[in-house]
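Peer 1: 3D, please:
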Amino acid sequence: MSQPINEIQSKDVSEARTSQKELLQGKDTTASHFIYWFSWFWAVISSLYFFCVTFIPMPDKSQHFADIILGFLLGTTVATIIGYFYGNSKE
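Peer 2: Model prediction:
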């Protein structure tokens, strides 16, 4: 019999947290801090993109493309970073 999806997700999150804790306790600072550097990188890139799309004029033909990228950044990148560090709500 298959496991309920909540159990699978819970196990996945638990294993990721355990792995991150082990990395933080290790001596390799590059590996232990990678997730933070990666998150900072995407937070800065996303913020710069938000600023540029909001305040820098662009051709009308590029607006749809800019909206797609903006939706991707808000819906996946930023949401995933926030979810990782602060937790996700379960419905």
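Peer 1: since we're on Leu70, how many residues are nearby?
Peer 2: As a burial measure, Leu70 scores 15 neighbours (other C-beta atoms under 10 Å). No exception for glycine: its C-beta is placed from N, CA and C like everyone else's.
Peer 1: measure it to Gln9 for me?
Peer 2: Between Leu70 and Gln9 the distance is 28 Å, computed by C-beta to C-beta, to the nearest Å.
Peer 1: In which helix or strand does Ile81 reside?
Peer 2: helix 79-86 (DSSP states H and E).
Peer 1: now that helix, how far from the chain's geometric center?
Peer 2: With C-alpha atoms, centre = their mean, to the nearest Å as the basis, helix 79-86 stands 6 Å off its chain's centre.
Peer 1: same deal with stretch 54-71?
Peer 2: That offset, for stretch 54-71, works out to 22 Å (C-alpha atoms, centre = their mean).
Peer 1: The top helix by length along the chain: which residues count as buried?
Peer 2: When the chain is parsed with DSSP state H, its longest helix is helix 29-55. Buried residues in helix 29-55, counted by 16 or more other C-beta atoms under 10 Å: 35, 39, 42, 46, 49, 53.
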